[in-house]
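Visitor: fold the following.
(5 chains)
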Amino acid sequence: MDYVKPNQVVDSLAAAGVAKSRLSISNILIKAILAGVFLGYATTLAFSASVQTGLDIVGAVLFPAGFVMVLLLNLELVTGAFAVLPLSRFRKQITTTAVAYNLTWSFIGNLVGGIIYAALYVIYITHFGHVDESLIIQKVITVAESKTLDYKAYGMDGMSVVLVKALLCNFMVALGVVMNATSTSTIGKIAAMWLPIMIFFAQGFEHAVVNMFVIPAGMMLGADISMADWWIWNQIPVTVGNFISGCIFVGLALHVVSRNNKKKN
Amino acid sequence: MDYVKPNQVVDSLAAAGVAKSRLSISNILIKAILAGVFLGYATTLAFSASVQTGLDIVGAVLFPAGFVMVLLLNLELVTGAFAVLPLSRFRKQITTTAVAYNLTWSFIGNLVGGIIYAALYVIYITHFGHVDESLIIQKVITVAESKTLDYKAYGMDGMSVVLVKALLCNFMVALGVVMNATSTSTIGKIAAMWLPIMIFFAQGFEHAVVNMFVIPAGMMLGADISMADWWIWNQIPVTVGNFISGCIFVGLALHVVSRNNKKKN
Amino acid sequence: MDYVKPNQVVDSLAAAGVAKSRLSISNILIKAILAGVFLGYATTLAFSASVQTGLDIVGAVLFPAGFVMVLLLNLELVTGAFAVLPLSRFRKQITTTAVAYNLTWSFIGNLVGGIIYAALYVIYITHFGHVDESLIIQKVITVAESKTLDYKAYGMDGMSVVLVKALLCNFMVALGVVMNATSTSTIGKIAAMWLPIMIFFAQGFEHAVVNMFVIPAGMMLGADISMADWWIWNQIPVTVGNFISGCIFVGLALHVVSRNNKKKN
Amino acid sequence: MDYVKPNQVVDSLAAAGVAKSRLSISNILIKAILAGVFLGYATTLAFSASVQTGLDIVGAVLFPAGFVMVLLLNLELVTGAFAVLPLSRFRKQITTTAVAYNLTWSFIGNLVGGIIYAALYVIYITHFGHVDESLIIQKVITVAESKTLDYKAYGMDGMSVVLVKALLCNFMVALGVVMNATSTSTIGKIAAMWLPIMIFFAQGFEHAVVNMFVIPAGMMLGADISMADWWIWNQIPVTVGNFISGCIFVGLALHVVSRNNKKKN
Amino acid sequence: MDYVKPNQVVDSLAAAGVAKSRLSISNILIKAILAGVFLGYATTLAFSASVQTGLDIVGAVLFPAGFVMVLLLNLELVTGAFAVLPLSRFRKQITTTAVAYNLTWSFIGNLVGGIIYAALYVIYITHFGHVDESLIIQKVITVAESKTLDYKAYGMDGMSVVLVKALLCNFMVALGVVMNATSTSTIGKIAAMWLPIMIFFAQGFEHAVVNMFVIPAGMMLGADISMADWWIWNQIPVTVGNFISGCIFVGLALHVVSRNNKKKN
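Guide: Residues are numbered from 1 along each chain as shown, chains lettered A, B, ... in the order given. Prediction:
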């Protein structure tokens, strides 16, 4: 049946990493822009649900819809790639340059996608600038500010907190990619991927690609965030934290465990 | 197993576009009328849920029921066709005339279906004209007016907003068609399609076919909307916006990505 | 995989109609009584959920449980047969007499089942006549009265409304039968059938078999409904309306579309 | 695919009845004790959900979790056996003695399981006797008393009511066993079984095995119920009612319908 | 199809036990640390849901997400191993030493994982020590104290209660491992495993691995719990209780039942 055993999961992830490293720049960009947009859609879905119900958990239960579509269509999400490409590298199937190549263009594509969706969504909710107060506008601004200014206010301690939240986040996001590979059935993939993504979103961890939408959107809506605030207090540390946990906690862990298994056989 | 890989998904969508271009007018009309009616049913289901719970998100979680039936039965939905037929065209499998042929008759059929359901539903909720006040009547009127008069009030800015909301909408609706093709299992299709449709409906984006029911229904119920309001401030720009995003963001994007993949092989 | 394409769905429905026309009277009766009882159970489940939560939509989300069991066990439900047997007739696979034969005995069986369940349920909720006031008793009486006296009060307009609600209802119920045939997997069948049944129940449309339980139950509980009220203002027009929409909107529509397809091949 | 047609469902149930009649006493006992314990767990899960939300329907939606595990592991539940073994008997595949043999030991095992779980659960919720007031304690006592004293108060009418509620209950429980056989897929079995079990629990019908936990638990917690109250006003009439509906409405009905089908072929 | 019959389930569990006994220490440790971390994530997910909704049952419905990932990836969870390894031992496929070997290292790994997640999570929710009051902080402290001091307050009676709650807990957790083996399909595994895990978490039973996160986390947040309180009044008795029920109620029960079946063949 469709269940895929762990060792085969690791093999298929390593193979996926190789395939990703061979995509053309234009393909990575298009697929990464789509992925960035999809996570934007999912984030605003979650915000709508949260605002209406007053319960963030409802938003978190629905959020994985966007992530699931990204992986069913095999688009390029840099945070997922943070686990997959290093795995292929640890197995010596690709070079470090190939890893950097995909990650760079995926990052750029995701960023472009997030900003495009932010611009369109802001036009919508502000009625092209005619409306500046609503629950959803307030929600976006509040989240964007809490994701930047709250860390800045605490200096290096804030930096540590954002890094820890990024570590905690991408362990789950990268696991979403792993879960996708545990089934060859669409419903199995959907159900399995849903779990870690719901877990991370429900707890407000820091995800680089979600932030590529939510912080620019907040800024467009008038949040008191400078470009430096965005990048220094969120985007850079979050990307670093996401990379570390994807690479080490998932990529390396899978590599070591599956290598040991191989030795035994 | 039933999961279909992205490249095969694109191939099957292109093939579906070819098949659609060869349907007889009567077949397109019957299938498009049914599709229009089904989305009408789904919309009033969502309204019932929203009115009872006071939470639009509940309606949005249930709304995809109608869309799913449309695609399981391979009916004709013009907004889905906005992505599928251009894709076949980009691949040079059909002519531009063939695209226009299907889109025209699908549009007409969907419109007829929406109006038929509107008429029947209005008979029901007004008790054949004996009742003119209820929560659900108020809901239909409010939604219909907000989908027309709200844009009109802002002139060209309103026109831009409705266009953006139509773009945002049909990206997801067309993705629903794509998601349908990611599985050869009924449960997989249902679950995958549910995601983008829930996303678009939850956020109040503008969908041409839903509006073919909800605005006429509002007008029949006495909403202060003229025929010109309906078409100029909603139906035409929404159809244009839906077409652009279906054609470009989904049809063209899939074409380019899959063509690149093909070249590599 | 388990997804069944539309043309095959129509073929299998037509074949099912032939099989239904060949059942013995005793088999139809037993299977129709069971079906009537199951819809009774599902209706009281929905009522319990509605009464407890104050939200009819919750009852509607749960109601399809009964319908699903009816179809998984291939029992005889006259409203479903309203689409399936005419389809076989349009294809000239069975005679009009055969259609009338199954429909007659299914109708009688469903009616007997509904009344039996009503009697047992009334014994339960009235504690054998010792209790005459409770939320659930009130709910059954209110629904039964609204399904008869409300139409009567408006004369011919009321008759038109009940007919329209019966048309709207059985389009969905017959689609439930169609959806059942879109999968050869149990979970696929359950999920697909759930959709149209939830849609019809959530909006209070008029279903002949549900009414065979709820109106007699209301009468047994002391609702102010005469036998004439039941049959003239509900059972007969609802059955007629259910038949028309099952026969025309589903049976004939499927026949025409699939015939056209065949011609092309 | 995994959907099993009704006639094969009946065949497989009859075969399961034969297998059950050949189990050793120790196997029946162990499997029946486990089943009794599992339904105890499910009942307290439902009570927790009901008490927290104030909605019994939420408990009912979750309750089938226990029943599903019993059937996935093919344990021995006497109320399910009330349909399956008579079916094998009607088909003359086993003797009446064999039926009585399994039913007797299953009943005893279920009873032991229910009482064991009651004892452990009471230790937990009373903190070994140090706590005698809590919402959950009150819930167990109230339910236990309503399941005995309420019937006793009405004499023979109460006896009729408990019998009717037992008839209504086991029609659904036995259908749960039938639903289990409609699929050879785990998810299909789970979804199909869930339906009738949710239906019976949501409406407070009387199930012999659930009562083997809840009434003893109530008594241990100080409910004003004598051993005679338990057995005369609940356990004996409920078991009789459960047996009649399992045996006649399900076992016999399936036998007759499938026999007729066979004759036709 | 993917449903696995009970006897094969037991065979596959016994085989899994043999495989577990042959893992290298480093593999057990990595896999056990991951498992400990995943249950930590799931616990804080549940806490978030409970705190927001005021309903612990909502948290319990979501909690199994973590457990499911542990088993889909075949990680090492000592409480699951409490059933699986003894089963292999009862079948004489492995030695008692091999049982102890896996259990020891799994226990250590789970403990390390729980503590690591506790440390990271505490950094997050306290904003690196700058925040010491929030609903979620209060929740963690309250749960940690109730899982230790509440038992201590009652002396030996408290010890009995904690032991009973540990017995009740691991019956369900070990069943989660059994349920995982009832399907070879990912969706089937997920759905089946969800049931017993939801049952145990919803009722506040005592699970050794969850406590390896929640009690240290509470202590880090300033709960009034000494190291002795943790180990004497919770970790040791809970581990013992979990072991007994996993080993006897599940491992031994499955062994005896399946052995009897084998004899018959």
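Visitor: from here on, just use CA atoms for contacts and neighbour counts.
Guide: OK.
Visitor: got the contact list for the closest residue to A:Gln235 other than its chain neighbours?
Guide: Excluding the flanking residues, the one nearest A:Gln235 by CA to CA, 6 or more residues apart in numbering or on different chains is A:Ala208, at 6.2 Å. The contact partners of A:Ala208, by CA atoms under 8 Å, 6 or more residues apart in numbering or on different chains, come to A:79, A:166, A:235, A:238-239, A:242.
Visitor: between those, which has the most around it?
Guide: Within the contacts of A:Ala208, A:Asn242 tops the neighbour count with 32 neighbours, counted by other CA atoms under 10 Å in any protein chain shown.
Visitor: my guess is that one contacts A:Ala174, does it?
Guide: No: the criterion here is CA atoms under 8 Å, and A:Asn242 misses it with A:Ala174 at 9.0 Å.
Visitor: number of nearby residues for the closest residue to chain D within the stretch 1-150 of chain A?
Guide: Using CA to the nearest CA, A:Met1 is the residue of the stretch 1-150 of chain A that sits closest to chain D, at 10.3 Å. The local packing of A:Met1 (other CA under 10 Å) involves 14 other residues.
Visitor: need the mean per-residue confidence for stretch A:220-229.
Guide: Stretch A:220-229 comes out with an average pLDDT of 98.
Visitor: what's next to it, contact-wise?
Guide: A:119, A:122, A:132, A:137, A:141-142, A:144-145, A:148-149, A:152, A:219.
Visitor: let me see the ranges of the helices in chain A.
Guide: A:6-21, A:25-53, A:56-62, A:64-72, A:78-90, A:96-125, A:135-146, A:149-152, A:155-180, A:186-202, A:208-220, A:227-230, A:236-244, A:253-264 (DSSP state H).
Visitor: residue contacts, A:Gly114?
Guide: So A:Gly114 contacts A:33, A:36-37, A:39-40, A:209-210, A:212-214 (CA under 8 Å, 6+ apart).
Visitor: mind running it again at 6 Å?
Guide: With contact set as CA atoms under 6 Å, 6 or more residues apart in numbering or on different chains, A:Gly114 has these partners: A:36-37, A:212-213.
Visitor: which of those residues tops the neighbour count?
Guide: A:Gly36 (35 neighbours).
Visitor: hmm, it is touching A:Val112, no?
Guide: No: A:Gly36 is beyond contact range of A:Val112, at 7.3 Å (criterion: CA atoms under 6 Å).
Visitor: rewinding a little: make CSV out of the helices of chain A and add distance to E:Leu103.
Guide: Shown next, in CSV, are these (distance: least, CA to CA, whole Å):
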stretch, distance to E:Leu103
helix A:6-21, 21
helix A:25-53, 41
helix A:56-62, 35
helix A:64-72, 35
helix A:78-90, 29
helix A:96-125, 38
helix A:135-146, 43
helix A:149-152, 42
helix A:155-180, 25
helix A:186-202, 27
helix A:208-220, 38
helix A:227-230, 47
helix A:236-244, 30
helix A:253-264, 18
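Visitor: out of those, which comes closest to B:Trp231?
Guide: Ranking the helices of chain A by their distance to B:Trp231 (criterion: CA to CA) puts helix A:96-125 first, at 20.0 Å.
Visitor: just want the angle from that closest one to helix A:6-21.
Guide: Helix A:96-125 runs at 80 degrees relative to helix A:6-21, counting by axes from the mean of the first three to the mean of the last three CA atoms, to 10 degrees.
Visitor: re the thing from before, any idea which of the helices of chain A is most buried?
Guide: Mean neighbour count (mean count of other CA atoms under 10 Å in any protein chain shown) peaks for helix A:78-90 among the helices of chain A, with a mean of 27.
Visitor: so how far is that one off the chain centroid?
Guide: Relative to the centre of its chain, helix A:78-90 is centred 13 Å away, using CA atoms, centre = their mean, to the nearest Å.
Visitor: tell me the mean pLDDT over it?
Guide: In this model, helix A:78-90 carries a mean pLDDT of 98.
Visitor: the stretch 51-200 of chain A against chain E: which residues are in contact?
Guide: Residues of the stretch 51-200 of chain A found near chain E, taking CA under 6 Å from any CA of the partner chain as the criterion, are A:57, A:161, A:183, A:188, A:195, A:199.
Visitor: against chain B, how distant is the first one?
Guide: Relative to chain B, A:Ile57 is positioned 13 Å away (CA to the nearest CA, to the nearest Å).
Visitor: one more: the third one?
Guide: With distances taken as CA to the nearest CA, A:Ser183 is found 9 Å from chain B.
Visitor: would you confirm that A:Gly80 contacts A:Ala174?
Guide: Yes: using CA under 6 Å, A:Gly80 is in contact with A:Ala174, at 4.9 Å.
Visitor: shared neighbours of these two, anything?
Guide: Common neighbours of A:Gly80 and A:Ala174 (CA under 6 Å, 6+ apart) do not exist.
Visitor: and the residue of the stretch 1-150 of chain A closest to chain D, what pLDDT?
Guide: 89.
Visitor: contact partners for it?
Guide: Contact partners of A:Met1, counting by CA under 6 Å, 6+ apart, are E:184-185.
Visitor: from the middle of its chain, how far away would stretch A:193-208 be?
Guide: Its chain's C-alpha centre and that of stretch A:193-208 lie 9 Å apart, by CA atoms, centre = their mean.
Visitor: from the contacts of stretch A:220-229, which is closest to B:Met156?
Guide: Within the contacts of stretch A:220-229, the smallest distance to B:Met156 is 16.7 Å, found for A:Val122 (CA to CA).
Visitor: so what's that closest one up against?
Guide: Taking CA under 6 Å, 6+ apart as the test, A:Val122 contacts no residue whatsoever.
Visitor: if I read this right, A:Asp56 contacts A:Ser50, doesn't it?
Guide: Yes: at 4.6 Å, A:Asp56 counts as touching A:Ser50 under the criterion of CA under 6 Å.
Visitor: tally of neighbours for A:Asp224?
Guide: 15.
Visitor: for it, give its distance to A:Lys147.
Guide: Relative to A:Lys147, A:Asp224 is positioned 12 Å away (CA to CA, to the nearest Å).
Visitor: what of A:Val214?
Guide: Between A:Val214 and A:Lys147 the computed distance is 9 Å (CA to CA).
Visitor: who's in contact with the residue of the stretch 1-150 of chain A found nearest chain E?
Guide: Minimum separation of the stretch 1-150 of chain A from chain E (CA to the nearest CA) falls at A:Tyr3, amounting to 4.8 Å. By CA under 6 Å, 6+ apart, A:Tyr3 lies in contact with A:182-183, E:184-186.
Visitor: for the closest residue to A:Trp230 other than its chain neighbours, give me phi and psi.
Guide: Leaving aside its sequence neighbours, A:Trp230 sits nearest to A:Thr148 (CA to CA, 6+ apart; 6.1 Å). Note on A:Thr148: its backbone torsions stand at phi -130, psi -60 [degrees, to the nearest 10].
Visitor: surely A:Thr148 and A:Gln235 touch.
Guide: No: using CA under 6 Å, A:Thr148 makes no contact with A:Gln235, being 9.0 Å away.
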